[in-house]
Structures are given as structure tokens and as C-alpha cells.
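Novice: only geometry, no sequence info:
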Ligand code: NDP
């Protein structure tokens, strides 16, 4: 099939172009022209599995969904990447997520390939029994294609520890083996401590390095006003870590609207974040809490909106942590106008290409206080999959590390991830005198080069 005959895949094409354009605009292909061939090869998944998921709802009706697993690249290790259950899921979205995952996993320094999967199943409004029956049916097919040394899925949007548990149980029944085939497992049955926290904590650890580098070690999260979108796993733990480090969290959101501080002072408290976490376990909306007197006296709720243009007062840091393309070009400009200096994606491809262009234009040539620094999800949110990799290591050796041990390793991985992107940008990306290095280009080149070299060693291109 020629490229012209392929179906349109807008999200995947966006992710591909974002990576390819940063490689093109660097000196990588001048120094290593043969890597153009590697780019062509790496952009085609090794395998895509697509299957039917039939399950029974509580009324006894037959329900049908589509299941997918994109096994994108196994050069560095078993395919690794989450499962997303959301009505918007399609092959384009899973290919974009799987593609990003290849390079993100490379940046962790651990031996993991890249993959992603999921279903257009909507867990919202479903009973526990319906979710269990769906997960059992989904894994009945998926288990033929995964394994601890082949492909190790995890959670993503709509897939929490509960769904991982149902799927793990079904894998174990069918295959008659207890192996670490999924990560994000319950902590009493093979899960790693700090895995739930890892993505959100990791983003904040990463941004801490950005702040310290840009300020020459003079600044930290202390006193910073941090706008966050989303209120799920990533957003909750990012928010809690920001507060622990002395910052203020000034917004959260969900798919129905944004909750932002009404005034210019204060912060979400850990108790308020825990209240939001509790309603999210029941898959309820923030709007339910927003209308209570405790919340309405402190926050304003804007239905159907994202936080970025609705914040009162200054923004220092923005952490998009809900879903893809959640910062537009205009919203990027609004954030900069509000004083935002650091943007790091908890979500995958959180920024549109227009937003990235705005952020990068304000990085280049700007010196000192006025510079804007943007970090892409594939670097900033790598902490989640990194601790998944640590979970695999613990399962293989039948040991459990303490929270402190996992957290220490997570911190080191995020530091290495930051330094790797930084050093690679300095090596390959021409920048105006005094500009901060491009973390998006540096991270893309560092991840891509590692995978391309491994693929060459395996004879995947020559
Ligand atoms: P959750 O399902 O826990 O939370 C998702 C949050 O985003 C919810 O607040 C949800 O709102 C909101 N959201 C979902 N879809 C949309 C939409 N179309 N528009 C606006 N808001 C939306 O997911 P996670 O926190 O795990 O994931 C968030 C992002 O982080 C995703 O991009 C994911 O790929 C990425 N990520 C996650 C990792 C992890 O370890 N979990 C690792 C690396 C990246 P509502 O509650 O109303 O549905």
C-alpha cells in the first residue's frame, strides 16, 4: 500500500511531524544522513492488533466495542505503554501515543520498547460489574498478544488500578501464570510503591530542574503559582507535589469545565485535592463539588472551559495534565501574557503545534527573565513509565523496594532525562547566543538516536 492509500490519521501525523521537524531543523541529518532512513522505518508500527470486545451490560444486552494494541517498536525492550479506555479512542490516537512512547521510554534509560492500546469503551456511568465484564472480555483477546517479555501494558485515561486488577486476573486465569504482564498493579499483589504518584511527581521533579537551570540555582517551586489542567491521576499527584515544594496550585479541570482560584492569593489545599480525587474514583465531575459552599466561596467554575485563559492574576508555571491538544496557540499566548515562564506537559502531546511554536519562539533569543521554556510530554511525563519499568524489575526479581528507594530512582531518572535533553540540544540544535536550549528538540533527538542505533544493530535498517 502506498502512503497515499493510507487512511487519514491526524493525531499520529501531528506527532510524527513534530518529531520530524525538530530532527530536520537540527544538525542531526547533516552529521548522520543515514538516520533519515531510520526515521522512515521507525514511523511504521511493527504490529497493530485490532479486535472485537463483546460484553454484557447490567440489563443483559450485548455491547460491542473495539479493542486495539499498537506494538510500535521493540528495539530497546518489550513493548511498553498504557491502555486508554475512552470513547474518543481510535487508531490515529493510539498510533500517536505509541509513537511518542517509543522515544519517551528511550529517555528513561530503561530497556523498554514502545506501544499503546485501549478501547473506545466509556467507563463513565458503568457499574463495577459492567467494568469487570468489559475488562475480562478485553483481556480474553489481548492476552494472546502480550507477555512479560513481549508487551507489558499499563493504565492511561480511564484505566486505573481497578481495571488493571480485572485484566490481570483474567490474564492469570487464561495463561495459568503469575507474571508482571501489566504494571500499575495493586500494591499487595506486585505493584510498585510510588507508581500511582510517579507521573505527576516526575513532572514536578523535571520542572524543578528547569527552574533551577534557568535561574542559575536562585529559584525553586517555592512561591510559584502553578496552573494545572485535568484532575485525574497525573494532575492530582503533580498538584500535591507542587504544594509540598512550596508552590501554589491555582487551577484544575476536567472534561466538563475548569476550577480556578477566584482571587490572586492562595492555593488548592491537599484536602481539596483529596476531595476531588475521591469524586474521580466514582467517575463524577468537578462541577458537583464546585457548587458546594466550601468550593464556591474560594473558586470559580467555568463550564466547558480550560483553565489557561480564566486565571486571575499571575501564572508562573503551566502543567497541562488532561489530554492531547489542550493548549491552543492563543492559549499559549495568554499564558505568556500572564507571566508564565515554564510549561511542561503531564499529558501526552498536551500542546498543539501552534502552541509549541509560540513557546519556542519566546525561548529563542530571549535572555534571562523574559525567556519561556517548554518541555514536551515525552520528557516531562516519563516518570510514569519509568516507575512501570521499575515495577517490571521488581516483579522479575520477586522483590519490593521501599517508597524511598523508588522515589530516589525516579528523581535520578527525571534528572537524567532533563540533562540528556539539555546536552543533546546543545550538541545538535543551533540557538541564538544566550537562549535556553530547546528541550523539545533535544529530547526528540536523544530518544530517536538511541532507538535508531539499536534498530541498526538489529538489522532493521541499513
Ligand atoms: P485520568 O483518566 O486519571 O484523568 C484524565 C483527566 O483529564 C480527567 O480530569 C479527565 O476529565 C480529563 N480529560 C480526559 N479527556 C478529556 C478531554 N477530551 N478534554 C478535557 N479533559 C479531559 O488520566 P491520567 O491522569 O492518567 O492521564 C492524563 C494525561 O496524562 C493523558 O494525556 C495521559 O496519556 C498522560 N499520561 C499519563 C500517565 C499515567 O501514568 N497515568 C503517564 C504519562 C502520560 P473527566 O474526569 O471529566 O473525564
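Specialist: Sure, I can see it. Computed from a predicted model, the values in this text were never measured in an experiment. Numbers count the residues shown, from 1 in each chain.
Novice: run the chain-centre distance for the host helix or strand of residue 29.
Specialist: Using DSSP states H and E, residue 29 sits in helix 28-31. Relative to the centre of its chain, helix 28-31 is centred 29 Å away, using Cα atoms, centre = their mean, to the nearest Å.
Novice: pull out the buried positions in it.
Specialist: Across helix 28-31, burial judged by 16 or more other Cβ atoms under 10 Å covers residue 28. No exception for glycine: its C-beta is placed from N, CA and C like everyone else's.
Novice: next: stretch 196-212.
Specialist: 196-211.
Novice: repeat that for stretch 242-260.
Specialist: Buried, per 16+ other Cβ under 10 Å, within stretch 242-260: 242-243, 245, 247-254, 257-260.
Novice: and the end-to-end length of it?
Specialist: This stretch, stretch 242-260, spans 16 Å end to end (Cα to Cα, to the nearest Å).
Novice: that stretch vs the ligand: in contact?
Specialist: Yes. Using Cβ under 6 Å from any ligand atom, stretch 242-260 reaches the ligand at 254, 255, 256.
Novice: now that stretch: mean pLDDT?
Specialist: If you average the pLDDT over stretch 242-260, you get 98.
Novice: how near is the single nearest residue of the chain relative to the ligand to residue 351?
Specialist: The ligand sits closest to residue 232 of the chain, with a gap of 1.8 Å, by Cβ to the nearest ligand atom. Distance of residue 232 to residue 351, computed by Cβ to Cβ, to the nearest Å: 18 Å.
Novice: how many other residues sit next to residue 353?
Specialist: 15 (other Cβ atoms under 10 Å).
Novice: quick one: buried residues of the longest strand anywhere in the chain?
Specialist: Criterion DSSP state E: the longest strand present in the chain is strand 62-73. By 16+ other Cβ under 10 Å, the buried positions in strand 62-73 come out as 63, 65, 67, 68, 69, 70, 71, 72, 73.
Novice: among the residues you listed, which pair sits farthest apart?
Specialist: Maximum pairwise distance among the buried residues of strand 62-73 (Cβ to Cβ): 32.7 Å, between 63 and 73.
Novice: tell me the phi and psi of residue 344?
Specialist: phi -140, psi 130 (degrees, to the nearest 10).
Novice: for it, give the beta-bridge partners.
Specialist: residue 375 (DSSP bridges).
Novice: which residues touch it?
Specialist: Contact analysis of residue 344 by Cβ atoms under 8 Å, 6 or more residues apart in numbering lists 203, 206, 207, 210, 317, 318, 319, 374, 375, 380.
Novice: what's the local residue count around the closest residue to residue 248 other than its chain neighbours?
Specialist: Sequence neighbours aside, residue 267 is the residue nearest to residue 248 in space, at 3.5 Å (criterion: Cβ to Cβ, 6 or more residues apart in numbering). Neighbour count of residue 267, defined by other Cβ under 10 Å: 18.
Novice: surely residue 267 and residue 249 touch.
Specialist: Yes. Between residue 267 and residue 249 there is a contact under Cβ atoms under 8 Å: 5.2 Å.
Novice: near the ligand, which residues of this protein show up?
Specialist: Going by Cβ under 6 Å from any ligand atom, the residues of the chain near the ligand are 155-158, 199, 230-235, 254-256, 280, 285, 321-323, 346-348, 381, 384.
Novice: and with 5 Å instead?
Specialist: Counting by Cβ under 5 Å from any ligand atom, the positions of the chain adjacent to the ligand are 156-157, 199, 230-234, 254-255, 322-323, 347-348, 381, 384.
Novice: of those residues, grab the buried ones for ChimeraX.
Specialist: To isolate the buried members of the residues of the chain next to the ligand in ChimeraX, using 16+ other Cβ under 10 Å:
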select :156,157,199,230,231,232,233,234,254,322,323,347,348,381,384
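Novice: what's the most distant pair in the residues of the chain next to the ligand?
Specialist: Every pair of those checked by Cβ to Cβ; the farthest is 255 and 384, at 20.2 Å.
Novice: quick check: end-to-end length of stretch 325-345?
Specialist: End-to-end distance (Cα to Cα), stretch 325-345: 11 Å.
Novice: buried sites along it?
Specialist: 325-329, 331-336, 338, 340-345.
Novice: give me the element the nearest residue to residue 411 once chain neighbours are set aside is part of.
Specialist: Nearest residue to residue 411, sequence neighbours excluded (Cβ to Cβ, 6+ apart): residue 205, at 5.5 Å. Per DSSP H and E: residue 205 is located in helix 195-214.
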